[in-house]
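Visitor: predicted model, plus sequence, below.
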Amino acid sequence: MEAIKKAIIATVVVVAVMYGASALLGLLGEAGAAAAAKYLTGKAILTAAAVTFTGSLASSAMGAVFNQGGNPNNANLGTKTTSRQAIAPRQIVYGTCRVGGVIAHIETTGTNNHKLCIISVVSGHPIAGFNSVRLGDTTCTTASSTVSGETVFRVTNSDFVNSDNENAFTGGSLVRFTFHDGTQTARDGLAAATLGNTSIPTTHKYIDCAYFYFEFIFDAEAMSSIPPISYVLKGKNVFDPRTNAAATTDLQ
C-alpha cells in the first residue's frame, strides 16, 4: 500500500507540473497558447501519468528486494541457513541452488541427552535431489550405509569426527543424516527407530515436502554447538516439451 501511495503522489505531481508549465506558456501570447494546448493534450497527460505511476511502482518493488537495510533473504529470496519459525511459508526451489530449511521437529535423546535429532524441511514440493550439505562453511563429505531401512549419510570431515567420543557413530562421526525428496510415502525409518513411535508416528510422512533428518552427537571438543546448516539442492522438476519429460535440474 505504501508503494501505491507514493506512485499516486508522484503521478499527481507530474500532472500538476504539466498544468503549471502550460499556464506559463499561455502567458507568452498566441504562440505560447498554441504550444500550451499542444503540451496539455489528454493523450500527453495520460501517457505521462501512466509512465510515472508504473515507474514509481517498479522502483519501489526493486528497492524492497535490494535495499541493504531490509531483510530480502526471508521476505523475498528465501533463507540460506536452517532456522526455527512458528509459521513459515513453503519454500519453492528451482534449478541447482543453495538454500536453508525450516526445523519442523527437534528433540534430544540418549544417555544425558547426548544426541540431538532434527527434521529440516527444505521445500514444499518434491525435488530431484541434493548435491551437498554444508555445516557452517564446511561442505560435508560423507559415507553411506543402510540403517533401519534408510540410506544414512555419515559425515566424515575431520571437523565433525572424534573417535574418542563413546557415543559417536561409526568411524567417530558426530553427524549423520537421511534425505527424502518429497515423493516419500512413509515416515523416516531412522527417526522412528531413534525417537520411537510417540515422537515419530506413522503419520509423520511430510508428504510432498523434501526434508532431511539429522542426528548430532554432543562433543565438548569437536562440536559443542550446532553449526548453521544449509543445502545445495537440485530443485523442482519442470516439464520439457521437446522431450516430453522432466527437464534437467542442474541449472545455475
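Guide: Received the coordinates, thanks.

Visitor: all contacts plus neighbour counts: C-alpha atoms, from now on.
Guide: Fine.

Visitor: G182: what's it in contact with?
Guide: By CA atoms under 8 Å, 6 or more residues apart in numbering, the contact set of G182 is H125, P126, I127, Y206, I207, D208, C209, A210, Y211.

Visitor: can you show me the helices along the stretch 101-250 of the chain?
Guide: Counting by DSSP state H, counting those that start in this stretch, the stretch 101-250 of the chain has helices at residues 189-199.

Visitor: which parts of it are strands?
Guide: 102-109, 115-123, 129-135, 138-139, 142-147, 150-155, 175-180, 210-217, 229-234, 239-240, 245-246 (DSSP state E, counting those that start in this stretch).

Visitor: which of these sits closest to A168?
Guide: Within the strands of the stretch 101-250 of the chain, the stretch nearest A168 is strand 210-217; the backing value is 6.4 Å (CA to CA).

Visitor: so for the closest one, mean pLDDT?
Guide: The average pLDDT within strand 210-217 is 97.

Visitor: CA atoms of it as CSV?
Guide: C-alpha atoms of strand 210-217 as CSV (Å, rounded to 0.1, in the frame of the first residue of the first chain):
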residue,chain,number,x,y,z
ALA,A,210,11.5,-32.6,0.8
TYR,A,211,13.3,-32.9,4.1
PHE,A,212,16.5,-34.0,6.0
TYR,A,213,16.6,-35.9,9.3
PHE,A,214,19.8,-35.2,11.3
GLU,A,215,21.4,-36.8,14.3
PHE,A,216,24.1,-34.8,16.1
ILE,A,217,26.3,-36.2,18.9
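
Visitor: now do that strand against strand 175-180: the angle between them, please.
Guide: For the pair strand 210-217 and strand 175-180, the angle between their directions (axes from the mean of the first three to the mean of the last three CA atoms, to 10 degrees) equals 160 degrees.

Visitor: how about stretch 214-225: buried residues?
Guide: The neighbour-count check on stretch 214-225 (16 or more other CA atoms under 10 Å) flags F214, E215, F216, I217, F218, D219, M223 as buried.

Visitor: show me which pair in those residues is furthest apart.
Guide: Pairwise over the buried residues of stretch 214-225, using CA to CA, the maximum falls at F214 and D219, 15.5 Å.

Visitor: so can I have CSV of the strands of the stretch 101-250 of the chain showing distance to R90?
Guide: Shown next, in CSV, are the strands of the stretch 101-250 of the chain (distance: least, CA to CA, whole Å):
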stretch, distance to R90
strand 102-109, 9
strand 115-123, 6
strand 129-135, 17
strand 138-139, 25
strand 142-147, 28
strand 150-155, 25
strand 175-180, 16
strand 210-217, 10
strand 229-234, 15
strand 239-240, 21
strand 245-246, 22
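
Visitor: in this protein, which helix or strand is least confident?
Guide: helix 72 (a mean of 43; mean pLDDT, DSSP states H and E).

Visitor: list the contacts for the closest residue to I118 other than its chain neighbours?
Guide: Using CA to CA, 6 or more residues apart in numbering and skipping the chain neighbours, the partner closest in space to I118 is I106 (4.5 Å). I106 is in contact with L116, C117, I118, I119, counting by CA under 8 Å, 6+ apart.
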